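Participant: Next input, structure requested:
(chains A and B)
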Amino acid sequence: MAKARVKVPKKAKKGEVITIKTLIKHKMQRATKDKKTGEPIPRNIIHTFEATFNGKTFFSSKWDTGVSANPYCAFTHKVQESGEYEFKWVDDKNETYTAKAKIEVA
Amino acid sequence: MSKVRIEMVDRREFLIIGGSAAAALAALSSGALAELKPDDEVGLLNKITKGAAPAEGKVKLEMPEIAENGATVPLKVSVDSPMTADDYCKSVTIIATKNPTAYVCNFQFTPDSGKAWASIRIRMATTQEVWAVAEMSDGKFYIGKTTVKVTIGGCGG
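Facilitator: Model prediction:
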C-alpha cells in the first residue's frame, strides 16, 4: 500500500556527511468526519520515523497531523564505514513500512 | 410560610455549594487539559523547555515567504552545532503557532547525524509564525522563527 522511496548515495568517503532523502506514500489522515455521511474518520498518520545504520539509530522523528500527506523527510549522516541503512515508518494502525539501502566507503 | 423559608435556605445553600463545586471543577479541568493537550504554542514551548526561556540564534529555519498551497509547505531547519559526542544538538521541535494543533514534528539527532539538519513538508492552516526549538546536549535551548504567508490553508481538508 504505502510505498517508500529512499535516496542514498552509493559511495562515500570516510567521515563524509551525506544527505539522505526519504519519501513515503501515505494519506496522513487527520481525525475528521465524512463530508456527506457525517461518519467519523479516525486518525491514521505515520507518527514515528526511524533511520538506522548497521543496527544503530542515528536519526528519528516524531510526526503529528501537521506533517503533509506523502511525507518527505531529508536528513544527514556521517559515514564512517560501509554498511546498510534501514528506514522504518509506523502509523496509527500499527502498520510498519521499511526500506533498505547500502553504502560503500571507498 | 415556614416551608417557604426552608426552601429559600435550601436553594441558597445549593447555589453556594454548586457554585464552588463548579469553580473547582473548572479550575481542575483547565489545568488537566493544559497538561494533556498543549495545543497552545506558548504552553507547548514551556513544556519542551520545562519553563526555561530559549535564547534566540543558532537555529536557522528556512521556509518560503509566501506559500501558495498550505497543504505542503517545505521546511528546512539547521542548528549551529559541532555535533561531537560531548556537544551536539539533541532535538528540534517544529511549532506552527496558528495551526489547530501547534505541535508539528520533532527531530532527534545524534552525533552520528554529522549535522543538525533536516527537511520536511508541513501543513499550514493560515498565515503564521513557525518556531523551531532546539535542545542541545548541555541542556540549553535555542529558538528560530520565521513567518510564512499562506494563500490557501492546508487544514480545511
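Participant: can we go C-alpha only for contacts and neighbour counts from here?
Facilitator: Fine.
Participant: Just the pLDDT at B:E35, thanks.
Facilitator: pLDDT recorded at B:E35 is 43.
Participant: Flag every residue of chain A that's near chain B.
Facilitator: By C-alpha under 8 Å from any C-alpha of the partner chain, the residues of chain A that approach chain B are A:17, A:58-69, A:71-79.
Participant: In strands, which of these appear?
Facilitator: Within these, residues falling in strands by DSSP state E are A:17, A:58-63, A:72-78.
Participant: Quick one: these as TSV, columns for neighbour count too.
Facilitator: Listed next are those as TSV, based on neighbours: other C-alpha atoms under 10 Å in any protein chain shown:
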residue	neighbour count
A:V17	17
A:F58	19
A:F59	24
A:S60	20
A:S61	20
A:K62	16
A:W63	23
A:Y72	21
A:C73	20
A:A74	17
A:F75	24
A:T76	22
A:H77	25
A:K78	19
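Participant: Most widely separated two among these?
Facilitator: Distances among these were taken as C-alpha to C-alpha; the most separated pair is A:V17 and A:W63, at 24.4 Å.
Participant: Relative to A:V67, how far out is A:R30?
Facilitator: Distance of A:R30 to A:V67, computed by C-alpha to C-alpha, to the nearest Å: 10 Å.
Participant: Repeat that for A:T48.
Facilitator: In this structure, A:T48 and A:V67 are 11 Å apart, going by C-alpha to C-alpha.
Participant: same question, A:P42
Facilitator: A:P42 sits 17 Å away from A:V67, going by C-alpha to C-alpha.
Participant: just B:A96 next, same as before
Facilitator: According to C-alpha to C-alpha, B:A96 stands 11 Å off from A:V67.
Participant: and if you look at B:I48?
Facilitator: 19 Å.
Participant: Looking at the two, which is more packed in?
Facilitator: Each of B:I48 and A:V67 has its neighbours counted (other C-alpha atoms under 10 Å in any protein chain shown); A:V67 has more, 26 against 17.
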